[in-house]
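need a structure here:
(2 chains)
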2 protein chains.
Amino acid sequence: LTQVENNPDLAQEVVSNLYKETGYAHIIGVTGPPGSGKSTLVNGLALEFRKRDQVVAIVAVDPSSPFTGGALLGDRVRMRDLAGDPGIFIRSMASRGSLGGLASATGDVVKVLDAAGFQSILVETVGAGQAEVDIATAAHTTLVIEAPGMGDDIQTIKAGILEIADILIVNKMDRPGGDRTVKALQMMLHMGSSVQRVNHHGQQMTLDESPDTVNHGEDAWQIPLLETIAAQNQGIDEVAEKILAHKRYLQSNGGWLDKEIARCRNEIDRMLKEQFIRKMGKAVPIYERESIIEAVAKREIDPYAAVKRLYKEAFAN
Amino acid sequence: LTQVENNPDLAQEVVSNLYKETGYAHIIGVTGPPGSGKSTLVNGLALEFRKRDQVVAIVAVDPSSPFTGGALLGDRVRMRDLAGDPGIFIRSMASRGSLGGLASATGDVVKVLDAAGFQSILVETVGAGQAEVDIATAAHTTLVIEAPGMGDDIQTIKAGILEIADILIVNKMDRPGGDRTVKALQMMLHMGSSVQRVNHHGQQMTLDESPDTVNHGEDAWQIPLLETIAAQNQGIDEVAEKILAHKRYLQSNGGWLDKEIARCRNEIDRMLKEQFIRKMGKAVPIYERESIIEAVAKREIDPYAAVKRLYKEAFAN
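Next comes the predicted model:
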C-alpha cells in the first residue's frame, strides 16, 4: 500500500493486475465537518460490521491539510478503540500535494483493499467542498454526519451536502441543541424528499408527511435521519443496519452498477488530467514554462495567450 | 460579469483585452469555517476601506454547495449592511459544476473588477480544503478567520490552514472560550513563527518570544493574531490597518511580484487542464467514452488501460 500510494507507475501496474479481483467490497463514504465525531462513529461502525463477521478496512483521508498532513488526534482515538483486532485494517492518508493526487492514491488504495477481500471499506474524510463530492462519487453509500451547535446558522448545514447523503446522522445528541439541528435537517430534507427519523435509542419517531414525497414512488431510497452518541456507542447499530439496507437497495434495482459507472467516469477523468499534466511537464522545459508565467505576471502577455502557446508546444511533438 | 461568468469563450476574449489594465487591485482572500462570521467581518472591512477613500469590491465564493448554490443568509446580511453605497460592489458566486470551473470564473471576475478600478477586492470563501489553498494562491493577502467554540478539538484548527494565513483573526470574541481559541492558535503559530497578539480594543499584548523566531530575520512578515467582534464593529480597523501593512510589506521586498507569479502559475495550470478536457470532449464521441467507462465498471478492462486508450484517441487527430 505504501508503494501504491507513493509511486504512480507502480500503482498503475498493481491496479491493472488486480483490477479483475475488485468490485466485491461495499465502499462507504463518511463525511462531515471537523468536530462532528466522524472518527469515533467510524470506529463504532467498524466494530458493528465485525459483529456481523465482516473484515473491515478504514481509510481516513484528510484533504484539508495540504501542507503538514493531519488527523493525528483521530489516529490516536482510532488506535485506542480498535488496535489488536486483526479483522480491522486502518490506513491514514494525508494530502501532501495536489488534491487530485490524493484522490487517485485513495482510489488505488481502496482497490487494493477490495481485491484483498475486505467486505466493507469505510472511507472517512473531513467534509469540505470538492473532497466531499469526490467521496460521494467514489462510494456506494455516503454518510453525512452533523453535530449540534456547530455554529447554529444555516450556513453550517449546506443543502448541497445533504444532496450527497444516502444516510444522514446527527451525532453528539447528548450536546445541547440536538433537537434543533435535527429539526433544521428535517426541514431541508422535506424540501426534496421524505425523511425517516430514528433516535439514538432506536425508536422510530413520527414525522408529518410532506406532500411532495408522493411523487417519489415506492422504489426511491428514503434518506434516513439517524441520531447517535458515538462516544457512548448509542445508535451505531441502527446506522450499520441502514448501511446494509442501502447496499441491498442498490443491489436490487441496478443502482450498484450505476454507482460503479459514476465512480469510473470520475476516476478516468481525473487520471486523464493527471496524464496530460505529466506530458506537459515532459514536453515543455521548466525554465520555459516559468518565463512564460513570469511574462503573464508582468502583464506582458495575457493568460489565455500563454495557455494557447503552452498547449500547442506540448502537442507539437 | 454575468457573461464572463457563464460563457468561457467570451471570458477569454474579455480577459485578453483588458488584461493589461489589471494588476493594480489589492486582492484580499478571506477564509474560515462556516459560522466564523466571515460575511460580517468582510462587510466591516469594506466599510473601513471606504473610510480610507477606496472603491471596494466583494466577491463571495461558495464552493461547498456544488448542487444548489448557497450563501443566501450571507447575502442578506450583506445587503442590510452595505446596500446603497455606490463605492462598494458586491458579487456572489456559487459553484454549479466543477470546482475548477468556479475557480476560473472567479479569477476572471476578479480581473474584470481589477481593470474596472476597484482598489481592494475582498474574495470571501468558506474554508475548505482545496478551495482554501486556491484562494490563498489567488490573493496577495490571505485572512484566516476562526471563532471560539467551533468544536474545541484540535481538528478544528488545522495546521495547514494556518500556513496559508498572512493575518489570523479570532472573531466572535464575545463568545465563551475565546481566550482558549487564541491560546491554541498561538501555540500552533509558535511552532513555526512569531505572533503578535492584538485584542479587539486594539491593545497590543505581550507574548513570550519563542526562540525559533530569531532565525526569521528583520524582513519576515510577522503573522498578526487579531481579536474581533465583527458584529459590534470591534477590532475591524486594526484588521484593515494590518491588511494595508501587509500590502506595503509585499511592495517593499518583491513579494508582490512573487504572489503574482504564484497566482499565474496556478491559473495557467488550471486553464491548461480545462482546455485538455474540452479537446477530449470533441475528439472522442460521448457514446464511445460511456461504453469504455461501462466496461471499466464491469471489470472488463482496467481503468489505466481505459485512460491509455482515450488519451491516444484524443490526440490521434
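
any idea how many residues pack against the residue nearest to A:Lys20 when sequence neighbours are not counted?
Closest residue to A:Lys20 apart from its sequence neighbours, by C-beta to C-beta, 6 or more residues apart in numbering or on different chains: B:Arg299 at 5.4 Å. Heads up, the C-betas are built off the backbone N, CA and C, glycines and all. Close neighbours of B:Arg299, defined as other C-beta atoms under 10 Å in any protein chain shown, add up to 13.

so B:Arg299 makes contact with A:Tyr24?
No - with contact defined as C-beta atoms under 8 Å, B:Arg299 does not reach A:Tyr24; the gap is 10.1 Å.

quick one: secondary structure of A:Met183?
To be clear, residue A:183 is Lys; Met isn't right here. Of the three states, A:Lys183 takes helix according to DSSP: H, G, I helix; E, B strand; the rest coil.

how much space separates it from A:Arg270?
38 Å (C-beta to C-beta, to the nearest Å).

so for those two, which sits in the more crowded spot?
A:Arg270 (19 against 11).

wasn't the more buried one part of a helix?
Yes - counting by three-state DSSP, A:Arg270 is found in a helix.

hmm, back to that, just the pLDDT for the residue nearest to A:Lys20.
We have a pLDDT of 94 for B:Arg299.

what's near enough to touch it?
A:19-20, A:22-23 (C-beta atoms under 8 Å, 6 or more residues apart in numbering or on different chains).

name the helix or strand for A:Asp9, please.
helix A:8-18 (DSSP states H and E).

for that helix, buried residues please.
A:8, A:11-12, A:14-15 (16 or more other C-beta atoms under 10 Å in any protein chain shown).

is that helix in proximity to chain B?
Yes - interface with chain B: helix A:8-18 contributes A:12, A:15-16 (C-beta under 8 Å from any C-beta of the partner chain).

can you give me the offset of that helix from its chain's centre?
What separates the centre of helix A:8-18 from the centre of its chain is 22 Å, taken as C-alpha atoms, centre = their mean, to the nearest Å.

what's the following helix or strand after that helix?
strand A:26-32.

centre of the chain to that following strand, how far?
5 Å.

about what we covered before: what about the residue nearest to A:Lys20, which SS state?
coil.

A:Arg263 now?
A:Arg263 ends up helix, using three-state DSSP.

check A:Ile121 too.
Under three-state DSSP, A:Ile121 comes out as strand.

what number of residues lie near it?
A:Ile121: 23 neighbours (other C-beta under 10 Å).

who does it bridge with?
A:Ile27, A:Ala57 (DSSP bridges).

ok, now how distant is it from A:Ala305?
Distance from A:Ile121 to A:Ala305, by C-beta to C-beta: 46 Å.

please apply the same query to A:Ala245.
In terms of C-beta to C-beta, A:Ala245 sits 55 Å off from A:Ala305.

check A:Ile88 too.
For A:Ile88, the distance to A:Ala305 - C-beta to C-beta - is 54 Å.

between the two, tell me which one has more neighbours.
A:Ile88 (22 against 16).

ramachandran angles for the more buried one?
Note on A:Ile88: backbone dihedrals following degrees, to the nearest 10 are phi -120, psi 120.

per-residue pLDDT, it?
pLDDT, A:Ile88: 93.

apart from its chain neighbours, what residue comes closest to A:Arg265?
Using C-beta to C-beta, 6+ apart, the closest residue to A:Arg265 is B:Ile293 (4.9 Å).

what sits against the one you found?
Applying C-beta under 8 Å, 6+ apart, the residues near B:Ile293 are A:261, A:264-265, A:268, B:306.

which SS state does it fall under?
helix.
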